[in-house]
Structures are given as structure tokens and as C-alpha cells.
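Enquirer: Next come a sequence and a model predicted from it.
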Amino acid sequence: MERTKSRRTCSVSGCDRTHHARTYCALHLKRVVARGDPLFELPKQPKVCTVESCNQTSLARRLCSGHYHRLMRYGDATFRPLNDLSKVDMPVYRVWNTMRSRCYNRNSKSYADYGARGILVCKAWRESYGNFITDMGDRPGGMTIDRIDNECGYTCGHCVECRSENWPSNVQWATRRAQARNTRRNRLLTLDGTTKTVAEWTELRGLGKGTIHDRLERGWSIEQSIDTPMKREQRYLMKKGSTRRPKNGKD
């Protein structure tokens, strides 16, 4: 009568697989070698894509097939090619994409004036175009994005990062003229507790272009440069488009 050999199984409780080595089956042995624990299991991938408002089944890196493809190709799972946007979305999307590029893309021509200076985009807007357009809305005609405080970044003021860092809402839609007056290159003058740019004081007082600059260079005080009215001859020359000054060289 032949003797039958008894089947040796894995030593892990509840596992009835055939013994392979070190008292473990092939599966648990692999876990011991790789992780040092036969019961180690990788965290299960969520079944739904983690991108906001996407309900597609996840494929890899907790992303669906479409967002995973964008991550591999563009480096951003939320990137939307221009041919994937409606005509209404495209202008705002370009603003959002340019805003991020000037702050984080070292190859951008504007990086030196933004990212290199520490200008950043808050997390809510940096990671989601949907958050940006929800907060800012459609771009009004003839307006561009503008930072209220030129030394601070593009912040929404209400996301988790903004609240933790006490960042206020610092972005608005503004005309190109208003934005040009809100740059580091502008010279600010304060008179009677009111601070304005030279261009704003010039317009407010009805002076000629460059008059305040010329007066300050000649040693006039800020109050004299702003409050001294122009003489008739200068007004006439300004209207005629002439740059010639009066013979005495004074206002």
C-alpha cells in the first residue's frame, strides 16, 4: 500500500496555498522579501477619479483614463487643450494658464517679474481651473487680470491655504490703463494724506504730460509740482502738440 504525502500549506493564518519556502506560500514570501511583513497589502485605489467633479472610474494614480493621459502628456491632470474648451471658456482659460506659467514656468519670459520675485498662485486656483472661473467669472470685455497689492500673489482669500496663511483676496478684473498704473515702475506721490501715481495727479490737476516729472527734477517740492497750475503759453503748446518750452524755461 502506497503512502500519500501530506500537502504542506502556508503558515499564515487563513491561507491554504501550497508552501513554497520559509513556511510561506509564493505570495506571502514575496511580501516578506519586499516589505518585511507577510500581511502587508498596498492601499486600494479608489474606484472614482480624484479630480473634482469627475465621476469616471480610476485607472492609475487615482485618476481616470482622460486625466491620467493629461498628467502624462502635459504634467497637469486638469490641463484642458484649447480644442477642448468652449468659446466662452477660452479667454478665461488663457488668463488662468498664463497666470500659472509666469509664476512657475522658469522658461516663461515673465518668470523674472513674477515667480522669481516670489509671486505665487494659491492652491485652489493653482490646481483647478474650475475654482478660478467660479471665483472670477467671465472676463469683462477689454479687461485683464490684476493684483490689487502688487507685492502679493494671486490669491482667492477663502481656500484652505489662503485661510492658513491669512492671505486676502488679491485679484480683480481691471482695464489695461488701471493695470498700467498699478506696477512697480510707477512713481507714487503723497499730498495731504492722499497717495496717487504721477499719471493720476497729472490727470486730476489738468497738467501736461511730463510736467510733474520735470518740476521734480528741477528741485520743486511735491506740493509745488502738483498744485502749481500751468501758464497759458504752456497750455497752448500742449494743445498744439509742441514740446518747446517758454523762453524763460519756467512754468
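Expert: Cool, the structure landed. Residues are numbered from 1 along each chain as shown.

Enquirer: what helix or strand does residue 94 sit in?
Expert: Using DSSP states H and E, residue 94 sits in helix 89-104.

Enquirer: cool, residue 132 as well?
Expert: helix 129-136.

Enquirer: what's whichever helix or strand comes after that helix in contact with?
Expert: Moving toward the C-terminus from helix 129-136, the next helix or strand (DSSP H and E) is strand 143-147. Around strand 143-147, the neighbours that count as contacts under Cβ atoms under 8 Å, 6 or more residues apart in numbering are 95, 99, 119, 136, 139, 153-154, 170-176, 178-179, 182. Using the backbone N, CA and C atoms, a C-beta is placed for each residue, glycine as well.

Enquirer: Wasn't residue 172 part of a helix?
Expert: No: secondary structure of residue 172 (DSSP: H, G, I helix; E, B strand; the rest coil): strand, not part of a helix.

Enquirer: give the contact list for it.
Expert: 145-146, 148.

Enquirer: Type out the PyMOL command that picks the buried ones from those.
Expert: With 16 or more other Cβ atoms under 10 Å as the burial test, the buried ones among those are selected in PyMOL as follows:
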select buried, resi 145+146
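
Enquirer: could you check the angle strand 143-147 makes with the helix holding residue 132?
Expert: 90 degrees (axes from the mean of the first three to the mean of the last three Cα atoms, to 10 degrees).

Enquirer: what mean pLDDT would you report for helix 129-136?
Expert: Helix 129-136 carries an average pLDDT of 87.

Enquirer: Tell me the buried residues in that helix?
Expert: Buried, per 16+ other Cβ under 10 Å, within helix 129-136: 129, 131-133, 136.

Enquirer: So which of these is the closest to residue 15?
Expert: residue 131 (47.1 Å; Cβ to Cβ).

Enquirer: Confirm for me that the closest one is in contact with residue 156.
Expert: Yes: using Cβ atoms under 8 Å, residue 131 is in contact with residue 156, at 7.3 Å.

Enquirer: Identify the contacts common to the two.
Expert: Here residue 131 and residue 156 share the contacting residues 124-125, scored by Cβ under 8 Å, 6+ apart.
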